[in-house]
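Trainee: model this:
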Amino acid sequence: LRNQPIQRKLIASMALCLLAFVAISSVLSTWLIGSSVRERTTSEELPAIVGQVAADVQRRIEVPLDAARAIGLSPYLQAWEDQGVPDTGLDAWKTLAQRQKDLQHAASVFWVSKDTGHYFTAVGLEREIGPNDGWFRDFLASGKPEVMQIDRDGASGRYMLFIDVRAQTPAGKLAVAGIGLGADALATAVSGYRIGQTGHVFLVRANGAILMHADTSLIDGHHFFKDMPGIGDALSQQLLGGKDFAQARVEAGGDTRFVASSYIPKLDAYVIAEVPEAELLGPVNRAIRIATLIALVSGGLFALVVIA
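Mentor: A predicted model of the protein is given here:
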């Protein structure tokens, strides 16, 4: 530039300043837009996604829950219980139970009498309550009106949803009415949710054990949320704290991802959503880089033409 006219020196200096301005602007834009996307993701998109999954789970269990409640509140069954569940009422029970079984596509419909210890299903008196039926005594002792639990059958691999409803007769006698039905459709729906390209959703129990996951090898009762990459005890307790929504930014193995949770009280379980940060910010960053490159090339060509 030393031997160039002053006008060309000024133009070259302005071009260099322009290129520097474009470079600095691109860096600031990347940082500002990235922060904005991160904020929108954590405050809007992730809550909406986990809320949608939680609502879908609750919608799917609401119908069988209402059916189990109807069984527990049945005036006929309550009167039958007050009479000591005599054999004369067994046919009517079997008819009612079979109807509900067919309507709900259930694997089982049951009535368990506390006073007699009889365990009735749609086929009639199936067995007597024994020492291994601690769930029955614990449920009645808890005073809860209802409880639901999802388990996976080890032999068949099928998910089962069990709904127990507390039934109290006018005479004060207690029983448990309930329904057991397959939950494979629910598991498929949960595993089918996708966020970005590889972001996914799964369910964990209140104690952190993985309940439903696309990787079925994790569903054995021995894999816990806290043991997943980058989580740990402290973060697991934070995300499984009984809140409608909680989220965190996790770094592990050189990757950063957003993790969010939503509590489902009826199941005493959590919806967990995970999505790599790069999949949310990547498209924005690529667009900024392309725009910056075009600006730099255009500015450089303009400077060369003017200087020449």
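
Trainee: give the contact list for the residue nearest the centre of the chain.
Mentor: Residue closest to the average C-alpha location in the chain (CA atoms, centre = their mean): residue 271, at 2.0 Å. By CB atoms under 8 Å, 6 or more residues apart in numbering, the residues touching residue 271 are 50, 53-54, 57, 190, 201-203, 261-262, 264. Where C-beta positions appear, they are placed from N, C-alpha and C, glycine not excepted.

Trainee: of those residues, select the buried ones using a ChimeraX command.
Mentor: This is the ChimeraX syntax for the buried subset of the contacts of residue 271, where burial follows 16 or more other CB atoms under 10 Å:
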select :50,53,54,57,190,201,202,203,261,262,264
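
Trainee: what segments of the stretch 1-150 of the chain are strands?
Mentor: For the stretch 1-150 of the chain, applying DSSP state E, counting those that start in this stretch gives strands covering 108-113, 118-121, 124-128, 146-152.

Trainee: after the longest one, next one along is what?
Mentor: In the C-terminal direction, the helix or strand that comes right after strand 146-152 (DSSP states H and E) is strand 159-168.

Trainee: send me that following strand as CSV with only the CA atoms.
Mentor: Coordinates of each C-alpha in strand 159-168 appear next as CSV, following Å, rounded to 0.1, in the frame of the first residue of the first chain:
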residue,chain,number,x,y,z
TYR,A,159,-45.4,-54.1,29.6
MET,A,160,-48.3,-54.3,32.0
LEU,A,161,-50.2,-51.5,33.6
PHE,A,162,-51.9,-52.4,36.9
ILE,A,163,-54.5,-50.1,38.4
ASP,A,164,-55.7,-50.7,42.0
VAL,A,165,-58.6,-48.8,43.4
ARG,A,166,-59.7,-48.7,47.1
ALA,A,167,-63.3,-49.8,47.6
GLN,A,168,-65.1,-49.0,50.8
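
Trainee: so which elements touch that strand?
Mentor: In terms of contacts (3 or more CB pairs under 8 Å, 6 or more residues apart in numbering; DSSP states H and E), strand 159-168 is packed against helix 46-73, helix 75-82, helix 134-142, strand 146-152, strand 174-182, helix 184-192.

Trainee: repeat that for 6 Å
Mentor: Packing contacts for strand 159-168, counted by 3 or more CB pairs under 6 Å, 6 or more residues apart in numbering; DSSP states H and E, involve helix 46-73, strand 146-152, strand 174-182.

Trainee: about what we covered before: which one of the contacts of residue 271 is nearest to residue 232?
Mentor: Set against residue 232, the nearest of those by CB to CB is residue 261 (14.6 Å).

Trainee: tally of neighbours for residue 208?
Mentor: 20 (other CB atoms under 10 Å).

Trainee: is it in contact with residue 223, as I believe?
Mentor: No. Between residue 208 and residue 223 there is no contact under CB atoms under 6 Å: 9.4 Å.

Trainee: now do residue 136 against residue 130, distance only.
Mentor: Taking CB to CB, to the nearest Å as the measure, residue 136 falls 10 Å from residue 130.

Trainee: ok, those two, which is more surrounded?
Mentor: The neighbour comparison of residue 136 against residue 130 (other CB under 10 Å) goes to residue 136, with 19 against 10.

Trainee: check the gap between that one and residue 177 for me.
Mentor: Taking CB to CB, one finds residue 136 at 12 Å from residue 177.

Trainee: return every residue with contacts to both of those two.
Mentor: Residues touching both residue 136 and residue 177 (CB atoms under 6 Å, 6 or more residues apart in numbering): there are none.

Trainee: okay, and the beta partners of the nearest residue to residue 213 once chain neighbours are set aside?
Mentor: Nearest residue to residue 213 in three dimensions, chain neighbours excluded: residue 202, at 4.2 Å (CB to CB, 6 or more residues apart in numbering). Note on residue 202: beta-bridge partners residue 272, judged by DSSP bridges.

Trainee: test my guess that residue 202 contacts residue 272.
Mentor: Yes. Counting by CB under 6 Å, residue 272 is a contact partner of residue 202 at 5.4 Å.

Trainee: please pull out the lowest mean pLDDT helix or strand from the protein.
Mentor: helix 277-307 (a mean of 61; mean pLDDT, DSSP states H and E).

Trainee: for stretch 118-126, buried residues please.
Mentor: 118-122.

Trainee: typo on my end, stretch 266-273
Mentor: Buried residues in stretch 266-273, counted by 16+ other CB under 10 Å: 267, 269-273.

Trainee: distance-wise, check residue 109 relative to residue 177.
Mentor: Taking CB to CB, one finds residue 109 at 8 Å from residue 177.

Trainee: among the helices and strands packed on strand 159-168, which is nearest residue 99?
Mentor: helix 46-73 (10.1 Å).
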